[in-house]
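Undergrad: the following comprises the amino acid sequence and a computationally predicted model.
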Amino acid sequence: MLRLYGPRLAAATLLLDALKGVPAVLAAKLLALPVWLQGLVGLAVLLGHSYPIWFSFRGGKSVSSAFGVLLVLVPSVALITALCWALLAWRLRTAAAASLISALLAPLLCLWLAPGYVSVVGALACSYWPAMASIFAAYAVGKSRPYADSPTRIALRG
């Protein structure tokens, strides 16, 4: 979005996409649902963003929606991950690579800052539901497959 349409539209899109899933995840958290169920609601938000019915199941990459979900579930992890994304995007000059690295960094940060949510965000086996382990990171990496002319694919080719 930033590369094609500039910083103003990219910032507006980031804000709206991040806010899109906040009500559902916030409701799950305020209802004190189990952590694995909060994660399932967050996953539904990401899937709804990536595969919307009204756009023939073609949507976004869910990076900003994942940020909104993380912001509700584990704000400290979300903010540090966003800072890492900004630094990486500035240094690498590509948002796609910064998104991938940040998505892989989130579970490690969660392990350190919010161990109760590692099963939802992250990389370790969950005591509630093992299938939720690392699902957000794996989803973000899988959804970020580079297109033929993307900066990520060009960088990987050398």
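TA: Thanks, I have it. Residues are numbered from 1 along each chain as shown.

Undergrad: before we move on, which element is the spatially most central residue of the chain in?
TA: Closest residue to the average C-alpha location of the chain: A66 at 2.9 Å, with Cα atoms, centre = their mean. Using DSSP states H and E, A66 maps to helix 63-73.

Undergrad: list of residues touching the helix or strand following that helix?
TA: Next in sequence after helix 63-73, counting helices and strands by DSSP H and E, comes helix 75-92. Helix 75-92 has contacts (Cβ atoms under 8 Å, 6 or more residues apart in numbering) with 67, 70-71, 95, 97-99, 101-102, 105-106, 109-110, 113-114, 117, 121. From N, CA and C alone the C-beta is placed, and that goes for glycine too.

Undergrad: of the residues you listed, which belong to helices?
TA: Under the assignment DSSP state H, those contribute 67, 70-71, 95, 97-99, 101-102, 105-106, 109-110, 113, 121 to helices.

Undergrad: return the member of those nearest to P34.
TA: Nearest to P34 among the ones in helices among the contacts of helix 75-92: V121, at 15.0 Å, using Cβ to Cβ.

Undergrad: what's near enough to touch the closest residue to G60 other than its chain neighbours?
TA: The spatially closest residue to G60, leaving aside those adjacent along the chain, is H49, at 5.6 Å (Cβ to Cβ, 6 or more residues apart in numbering). Shown in contact with H49 (Cβ under 8 Å, 6+ apart): 17, 20-21, 59-60, 62, 65.
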